[in-house]
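**Student:** Turn this into a structure:
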Amino acid sequence: METHPLNIIAGSRPHFAETENGDAWTMTWFADICRIAIIDGLGHGPDAASASAIAVKTLESLGPVHPAEAIQRCNLALSGTRGVVMAVVNIDLSKRSLTYAAIGNTDAVMRIGLEGQTKRFLSYRGIVGAALPTIHAEDVDLPESWQLLLYTDGVMDRFDLHDELRAQADSQTWPEEFLQRWGRLHDDATVLLVSPR
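**Tutor:** Residues are numbered from 1 along each chain as shown. Sure thing, here's the model as predicted:
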C-alpha cells in the first residue's frame, strides 16, 4: 500500500433522520500535489447526496487544475441539480504551498507552526451549480509544522481548535468523537484534518 506524505483523517455522517449523506469529501494525488475537497449538497437526503456525488465524480475526473477552475467545472456539471457548497484545496509539497478556494458555508482553519498561530480561510457566498460568484483563492506558504481543519456547516463553530488538536493526538477515533461533540443532529456533518507526516 502506497504511503503519502500527508496524514488525512476524516469523519462524516448524515442528518439524524436520513440514511443518505448529503456531505462528501474527496482526495486526489498528482505527483507532489494533493487536491482535497469537502462538499455539502444543499439541504439533506437523496437529492443532496446526488449533487455531492456529481461534484465528487467531476473533481476526480480533473487533472491538477487550480481550485478556482475545479469549482467552475463543478458548477457546470451541477447545473439542474439543487447545487452544493464546497471548498477545494491544493497542497503542493514540492513548493511547500497551499491554495484554497471555497463557495458557500464551509469552513477551514489552519494551525501554523510550532507557536500555534491560527489562520481562518474565507468562503464566499454562492451555490455551485446555481449562483456562482467570482471565485477568490488564497495562497499560503507552508512551514514545517501545520494542521488544516476543514468542516461543513453541520459542525457547530464553537470548538477550541487547540483543544481539538490535542484530543486528536490521543485518540484513534477522533473524527467520530468530534462529530459527537460538535455535529448538528439536523444536518449532515463532515470534518477533515490534514497534516504532514
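
**Student:** rest of the way, CA atoms for contacts and neighbours
**Tutor:** Noted.

**Student:** ranges for the helices of this protein?
**Tutor:** 46-61, 67-77, 161-169, 174-182 (DSSP state H).

**Student:** Residue 135: which of the ones you listed is closest?
**Tutor:** Among the helices of the chain, the nearest to residue 135 by CA to CA is helix 67-77 (5.9 Å).

**Student:** Quick check, residue 29 in contact with residue 61.
**Tutor:** No - using CA atoms under 8 Å as the test, residue 29 is too far from residue 61 to be in contact (12.0 Å).

**Student:** Mean pLDDT lowest where, among the helices of the chain?
**Tutor:** Among the helices of the chain, helix 161-169 carries the lowest mean pLDDT, a mean of 86.

**Student:** List the neighbours of that one that are in contact with it.
**Tutor:** 116, 174-175, 178 (CA atoms under 8 Å, 6 or more residues apart in numbering).

**Student:** I'd like those as a markdown table, with distance to residue 21 and neighbour count appended.
**Tutor:** Formatted as a markdown table, these follow (distance: CA to CA, whole Å; neighbours: other CA atoms under 10 Å):
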| residue | distance to residue 21 | neighbour count |
| --- | --- | --- |
| 116 | 33 | 14 |
| 174 | 20 | 18 |
| 175 | 16 | 19 |
| 178 | 17 | 18 |
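
**Student:** Only the buried residues of the helix or strand bottoming out on mean pLDDT in the chain, if you could.
**Tutor:** In the chain, no helix or strand scores lower on mean pLDDT, DSSP states H and E than helix 161-169, which sits at a mean of 86. Buried residues in helix 161-169, defined by neighbour count with 16 or more other CA atoms under 10 Å: 161, 168.
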